[in-house]
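just need the structure, nothing else, for what follows:
(chains A and B)
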There are 2 protein chains.
Amino acid sequence: MPVSIPADSVGLVEPQVAHFQQPLKLLSGRSLPEFTLVYETYGELNAARSNAILICHALSGHHHAAGYHSIEDKKPGWWDSAIGPGKPIDTNRFFVVSLNNLGGCHGSSGPTSIDPASGHHYGPDFPMVTVHDWVNSQALLADHLNISQWAAVVGGSLGGMQALQWSIAYPERLRYALVIASAPRLSAQNIAFNEVARQAIMSDEEFHQGRYQKHNTLPRRGLKLARMIGHITYLSDDSMREKFGRELRSGKLKFGYEVDFEVESYLRYQGQTFSEAFDANSYLLMTKALDYFDPAREQGDDLAAALKPALCKFLLISFTTDWRFAPERSREIVTALLEARKDVSYLEVDAPQGHDAFLMPIPRYMEALAAYLSRVANEVSTDAQ
Amino acid sequence: MPVSIPADSVGLVEPQVAHFQQPLKLLSGRSLPEFTLVYETYGELNAARSNAILICHALSGHHHAAGYHSIEDKKPGWWDSAIGPGKPIDTNRFFVVSLNNLGGCHGSSGPTSIDPASGHHYGPDFPMVTVHDWVNSQALLADHLNISQWAAVVGGSLGGMQALQWSIAYPERLRYALVIASAPRLSAQNIAFNEVARQAIMSDEEFHQGRYQKHNTLPRRGLKLARMIGHITYLSDDSMREKFGRELRSGKLKFGYEVDFEVESYLRYQGQTFSEAFDANSYLLMTKALDYFDPAREQGDDLAAALKPALCKFLLISFTTDWRFAPERSREIVTALLEARKDVSYLEVDAPQGHDAFLMPIPRYMEALAAYLSRVANEVSTDAQ
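Residues are numbered from 1 along each chain as shown, chains lettered A, B, ... in the order given. Got it, this is the predicted structure:
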């Protein structure tokens, strides 16, 4: 709990709920007959409704990006370092919308929701959702909020893929796309890590083919392993060395399978905590959404052709030690955008933290975001006059 | 099965067994009261007994490094590309010894052996063995073979650590140490991957705290996951891209959790096959031996000081795309050896295959091995005259 809410915080926030009664047709061919999206907003929408920014979350993210739900909260939202009054995503100037994506487990329709058709939890029957579907559902949320055009769509990692998809699917509905620590599609190695995580979950005896809720249990061991694997890929070799090195937990080798090294203890704890808090079916869905994202596929693997419809301007940011989505992956997008004659800025931030860097208040990164978005704010406020 | 045994093969070989009745004191403080080592030899020991090369295996290796056990064999030994008449480790000139390490599951004493004290399988009661202990047991094998000094000790990955340990523990008993695709100790990231693999095995319900043999079962799911994780770290991002790219197994996305991408199918198959063939307790032991190896620790993290006792000459080889034990890790050893004023040669091979490259007949690598070992052969044959 913060002793008091910091002055540069958006303060106490309350999640809001939007119900959509119309069916949402999905990329898979299936439909959701109706659905719910949970979201938060920070700042004020201007009279011209032109200063809205959409925040798209990554694999295990959710709608609570900034501020506190109660003064009892130990921690603020997941991107509180970047969103708030006077912060890079400045809530004095922007109206920020952050939602939980479909298929998640934080309030929007997903595997833990009740299927209106059966009256039971969807569980594994929740349809596969993709980046394509998320962006379509986000467009319906924009309609609901009466926002015809976002000033910017912003996302890191899987969130960056959503920003990219917005630029392709709804070119007239965003002015800027900020694609951070992302990739135009997963590499075979990325897919391989996701597949091991999925196998860990699905081979857990408590998984029960996804119907663990019915069996009154949770596939904790599988989800713990999945998170441990994921976690290694979020950190750089350097940052792990700096954080843990080869420090021994108890000062000496144990010659057994209890924890010897600090890094083992850390990973076990991270995995355990996550396995109690996140839904396994949601995790499976999110990893598949990552695997499936590939806008170039339908254009004969020509990413420039896929990006051709875009009308917005782009900011791409990558981090030097990120090996999950390395700077080369961002440069693939930059190259394709240049080839498609789009307006693109690119920043490679020197940072030791690996993929996780995109969530951190690294000065060079925050300054660049602030400077870029300040120009965007000036532009939309001029329009509004 | 080869239609006929190739001319440059060592041909049909037969594993041999050495029993040691004396107790082997281990680094952990425990002892093995007696033990067995299984080994193979290729080529002829010269009269001076000076042309022997010891091959040390890596994580899941064994004694069968070259040739065939029967003409029915589909594949030769694991390093057949490098060992044979006229090959880089030339059996026309060298007497090559290759053993299965203690704790393994291919015939040497290990968790699947019978504990003479109880009459039952050791299982999880087999004591933790380390690189230090392996080298001590290999020295006893050298005594058994009446080899007072190896012409060279050669190993890749975990095998390279054994070659390094030989140079420290028995400086007068080897002329050359060939340390390939190795590291002076694991990084936090390396340990983290091993820990996830161990957690996968130990959290399998069929593991039964290592007593799966007693329960007439095997922790196949855990071992499969462990191998899948390991396998990703053996391949480079590049080689996975080249091998699988984003190829779809059935030509289209399935929107389910069956195999979509070729890389998923490959990993599942590799993991499954391994889980039927390798012992889980052995796998746990081997990963801990990797984690524990750290010759610099006792010297206040000063690797040069740790290597000071060495009298042999060193050849270090690394591979550009190896990210498990990257070239920087080999250069750490080279730097320490130079600081300790040792004779060291270093080659960084440009190879796309990642860590697995050390097992492959890459021309530049094979030529370097051949040239270096040819000098060694000349030296020991001159001595023998």
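
pull the contacting residues for the closest residue to A:P124 other than its chain neighbours.
Nearest residue to A:P124 in three dimensions, chain neighbours excluded: A:G210, at 2.7 Å (Cβ to Cβ, 6 or more residues apart in numbering or on different chains). The way it works is simple: take the backbone N, C-alpha and C, and place the C-beta from them, glycine included. By Cβ atoms under 8 Å, 6 or more residues apart in numbering or on different chains, the contact set of A:G210 is A:111, A:123-124, A:280-281, A:284.

what do you get if the cut-off is 7 Å, keeping everything else the same?
A:G210 sits next to A:123-124, A:281 when contact means Cβ atoms under 7 Å, 6 or more residues apart in numbering or on different chains.

among the residues you listed, which ones are in strands?
If you go by DSSP state E, the contacts of A:G210 have nothing in strands.

export those to CSV and tack on neighbour count, pLDDT and distance to B:L235?
Formatted as CSV, these follow (neighbours: other Cβ atoms under 10 Å in any protein chain shown; pLDDT from 0 to 100; distance: Cβ to Cβ, whole Å):
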residue, neighbour count, pLDDT, distance to B:L235
A:G123, 21, 96, 34
A:P124, 19, 96, 31
A:N281, 26, 98, 29
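
and the gap between the residue of chain A positioned farthest from its centre and chain B?
Distance from the centre of chain A peaks at A:F255, with 40.3 Å (Cα atoms, centre = their mean). Applying Cβ to the nearest Cβ, to the nearest Å, the value for A:F255 to chain B is 4 Å.

helix, strand or coil: sort out the spatially closest residue to that residue that is not a sequence neighbour for me.
Using Cβ to Cβ, 6+ apart and skipping the chain neighbours, the partner closest in space to A:F255 is B:S28 (3.8 Å). Assigned with DSSP: H, G, I helix; E, B strand; the rest coil, B:S28 falls in the coil class.

ok, now A:V97?
strand.

so who does it touch?
Contact analysis of A:V97 by Cβ under 7 Å, 6+ apart lists A:39, A:41, A:52, A:54-55, A:145.

can I get the residues you listed in JSON lines with neighbour count?
Below are those laid out as JSON lines (neighbours: other Cβ atoms under 10 Å in any protein chain shown):
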{"residue": "A:Y39", "neighbour count": "24"}
{"residue": "A:T41", "neighbour count": "20"}
{"residue": "A:A52", "neighbour count": "25"}
{"residue": "A:L54", "neighbour count": "28"}
{"residue": "A:I55", "neighbour count": "30"}
{"residue": "A:L145", "neighbour count": "18"}
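
okay if I get these as CSV plus secondary structure, distance to B:D302 and pLDDT?
Output for the contacts of A:V97, formatted as CSV (DSSP: H, G, I helix; E, B strand; the rest coil; distance: Cβ to Cβ, whole Å; pLDDT from 0 to 100):
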residue, secondary structure, distance to B:D302, pLDDT
A:Y39, strand, 56, 98
A:T41, strand, 57, 98
A:A52, strand, 59, 98
A:L54, strand, 54, 98
A:I55, strand, 49, 98
A:L145, coil, 62, 98
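
that's a strand at A:H19, yeah?
Yes - when the secondary structure is assigned by three-state DSSP, A:H19 falls within a strand.

tally of neighbours for it?
A:H19 is flanked by 10 other residues according to other Cβ atoms under 10 Å in any protein chain shown.

same question, A:A197
The tally of other residues near A:A197 (other Cβ under 10 Å) stands at 26.

gap between it and B:A142?
With distances taken as Cβ to Cβ, to the nearest Å, A:A197 is found 45 Å from B:A142.

and the helices in chain A, which stretches?
Along chain A, the stretches classed as helices by DSSP state H are A:131-144, A:158-169, A:188-202, A:220-234, A:237-243, A:262-277, A:280-292, A:303-307, A:327-339, A:363-384.

got JSON lines for these, with distance to chain B too?
Putting the helices of chain A into JSON lines (distance: least, Cβ to the nearest Cβ, whole Å) gives the following:
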{"stretch": "helix A:131-144", "distance to chain B": "11"}
{"stretch": "helix A:158-169", "distance to chain B": "14"}
{"stretch": "helix A:188-202", "distance to chain B": "4"}
{"stretch": "helix A:220-234", "distance to chain B": "4"}
{"stretch": "helix A:237-243", "distance to chain B": "4"}
{"stretch": "helix A:262-277", "distance to chain B": "4"}
{"stretch": "helix A:280-292", "distance to chain B": "6"}
{"stretch": "helix A:303-307", "distance to chain B": "13"}
{"stretch": "helix A:327-339", "distance to chain B": "10"}
{"stretch": "helix A:363-384", "distance to chain B": "23"}
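
output the ones you listed in a markdown table, with distance to B:V135 appended to each entry.
Below are these laid out as a markdown table (distance: least, Cβ to Cβ, whole Å):
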| stretch | distance to B:V135 |
| --- | --- |
| helix A:131-144 | 52 |
| helix A:158-169 | 47 |
| helix A:188-202 | 33 |
| helix A:220-234 | 30 |
| helix A:237-243 | 27 |
| helix A:262-277 | 25 |
| helix A:280-292 | 42 |
| helix A:303-307 | 52 |
| helix A:327-339 | 41 |
| helix A:363-384 | 48 |
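
excluding chain neighbours, what is closest to the spatially most central residue of chain A?
Nearest residue to the geometric centre of chain A (Cα atoms, centre = their mean): A:A58, 1.6 Å. Nearest non-adjacent residue to A:A58, counting by Cβ to Cβ, 6+ apart: A:S157, 4.0 Å away.

burial count for the one you found?
A:S157 - counted by other Cβ under 10 Å - has 26 other residues nearby.

same thing with A:K74?
Neighbour count for A:K74, taken as other Cβ under 10 Å: 7.

then A:D350?
Close neighbours of A:D350, defined as other Cβ under 10 Å, add up to 11.

my guess is it meets A:D322, correct?
No - here A:D350 does not reach A:D322: they are 11.3 Å apart, not a contact under Cβ atoms under 7 Å.

picking that back up, thought the residue farthest from the centre of chain A was touching B:T130?
No - using Cβ under 7 Å, A:F255 makes no contact with B:T130, being 8.4 Å away.

how much space separates the residue lying closest to A:L284 once chain neighbours are set aside from A:A226?
Nearest residue to A:L284 in three dimensions, chain neighbours excluded: A:R198, at 5.7 Å (Cβ to Cβ, 6+ apart). For A:R198, the distance to A:A226 (Cβ to Cβ) stands at 7 Å.

cool, A:A296 as well?
Plainly put, A:A296 is 28 Å away from A:A226 if you go by Cβ to Cβ.

and A:S148, by the same measure?
From A:S148 to A:A226 the distance is 39 Å (Cβ to Cβ).

let me see the contact set for the residue nearest to the centre of chain A.
A:156-159.

go with 8 Å
Going by Cβ under 8 Å, 6+ apart, A:A58 touches A:155-159.

mind checking pLDDT for it?
Taken from the predicted model, the pLDDT recorded for A:A58 is 97.

likewise for A:A152?
Looking at A:A152, its pLDDT is 98.

tally of neighbours for A:M161?
A:M161: 30 neighbours (other Cβ under 10 Å).
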